[in-house]
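Participant: I'll drop the sequence and a predicted model, then ask my questions.
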Amino acid sequence: MFFKNMLRKFLLFFKKPRRIIIPLSQSGILNWVSDESFIKFQYRILTGKKLNLNTPKTYNEKIQWLKLYGNQETYSYMVDKYEVRKYIKDKIGEEYLIPLLGVWDKFENIDFNILPNQFVLKCTHDSGSILVVKDKSELNYKNANIKLNKTLKHNYYYDHRETQYKNIIPKIICEKYMKDLDSVDLIDYKIFCFNGKPLFLCADYNRFTNHQKIFFDTNWNYIPVKNEYPNNFDLSYKKPEKFDELLEIARKLSKDLVHVRVDLYIINNSIYFGELTFSNMGGFSNFEPDEYNYKFGDFLQLN
């Protein structure tokens, strides 16, 4: 039975290596490995390809190059979910920020009595540590405590060696729960910008029900590329009325930056800032067909 289980795990590793390599990275066992060696190793495991850092050509290869040589650590304040609010306020205005209800160093400091019935909790230094609370009376405080405090102790930089996250001081923030009257789930517009110019975007639809990622160019023409999730485009995915404003905001926020993904929402006909991302999916985007890995890579010019 022991050898059977080992064989099953071994086969699972090669079928879905992400299930093993990510937890392995998060465990801290590989923290001693240099950034370049780790990135080469992780890239080989997750893509099955050798990483070309000398003459990178694909989008993923160039993201890996930027992680190593792009001085990404200088962007810490832009990826810190609390500190970035100052940047957004100065660049485009406070009206584009989702209202902040509180910020704390640890879960035990949160006074839930002063919070509304609905709110969103998230850590400031990572991706995924989010708690959407639609009814405070149903919140499992013990599980929330364990999840958020565990996340506070984890340095997200070690997962994919994205140095922009390395020196962030972790905190927990609480934002207003936002709901659009015309849709069940918020549509997340992820706008890919290169040297201050938006060139294409990915619209995330139905993230909590029937998640789809649909790619468009800046004229809202459908791009037939799949990235992890289904891309079944139909005419119901209409160009938003404030599309030009989305692009203009992305242009302002990406000015003087080699590459950044600007995430925005349209909620009840108002635009709100989501986040800035400098290494989309850690540089492991699975584009189908693979030719788009090269097409998107052509947009990213490295100096």
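Facilitator: Arrived safely, thanks for sending.
Participant: who's in contact with Ser279?
Facilitator: Ile63, Leu66, Lys67, Gln72, His160, Glu162, Gln164 (C-beta atoms under 8 Å, 6 or more residues apart in numbering). All C-beta atoms are positioned from the backbone trio N, CA, C, and that covers glycine.
Participant: from memory Tyr156 sits against Asp126, does it?
Facilitator: Yes. Tyr156 is within contact range of Asp126, at 4.0 Å (criterion: C-beta atoms under 8 Å).
Participant: related to what we said a few turns ago, among the contacts of Ser279, name the ones in helices.
Facilitator: Cross-referencing the contacts of Ser279 against helices under DSSP state H gives Ile63, Leu66, Lys67, His160.
Participant: shared neighbours, Tyr156 and Asp126?
Facilitator: Common contact partners of Tyr156 and Asp126 (C-beta under 8 Å, 6+ apart): Tyr165.
Participant: hey, where'd the helices end up in this structure?
Facilitator: Under the criterion DSSP H, the chain contains helices at 2-15, 18-26, 35-47, 59-69, 76-79, 84-91, 141-152, 157-160, 243-253, 291-299.
Participant: need the ones you listed in a markdown table (columns: mean pLDDT).
Facilitator: Output for those, formatted as a markdown table (pLDDT from 0 to 100):
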| stretch | mean pLDDT |
| --- | --- |
| helix 2-15 | 52 |
| helix 18-26 | 66 |
| helix 35-47 | 93 |
| helix 59-69 | 98 |
| helix 76-79 | 97 |
| helix 84-91 | 97 |
| helix 141-152 | 94 |
| helix 157-160 | 93 |
| helix 243-253 | 97 |
| helix 291-299 | 97 |
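Participant: reformat those helices as CSV; add distance to Leu101.
Facilitator: Putting the helices of the chain into CSV (distance: least, C-beta to C-beta, whole Å) gives the following:
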stretch, distance to Leu101
helix 2-15, 41
helix 18-26, 29
helix 35-47, 36
helix 59-69, 33
helix 76-79, 21
helix 84-91, 13
helix 141-152, 15
helix 157-160, 27
helix 243-253, 23
helix 291-299, 37
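Participant: to Lys106, which of the ones you listed lies closest?
Facilitator: helix 141-152 (6.2 Å; C-beta to C-beta).
Participant: what does the residue lying closest to Asp182 once chain neighbours are set aside show for phi and psi?
Facilitator: Distances taken as C-beta to C-beta, 6 or more residues apart in numbering put Asn268 closest to Asp182, at 7.9 Å, once the chain neighbours are dropped. Per-residue torsions, Asn268: phi 50, psi 50 (degrees, to the nearest 10).
Participant: how many other residues sit next to Asn268?
Facilitator: Other residues near Asn268 come to 10 when the count uses other C-beta atoms under 10 Å.
Participant: ok, so what distance separates it from Tyr141?
Facilitator: Note on Asn268: its distance to Tyr141, by C-beta to C-beta, to the nearest Å, is 30 Å.
Participant: quick one: Asp126 from Lys81, how far?
Facilitator: 9 Å.
Participant: for the closest residue to Tyr237 other than its chain neighbours, what are its contacts?
Facilitator: Among residues not flanking Tyr237 along the chain, Ile214 sits closest, at 5.7 Å (C-beta to C-beta, 6+ apart). Shown in contact with Ile214 (C-beta under 8 Å, 6+ apart): Cys202, Ala203, Tyr205, Tyr222, Asn231, Phe233, Tyr237.
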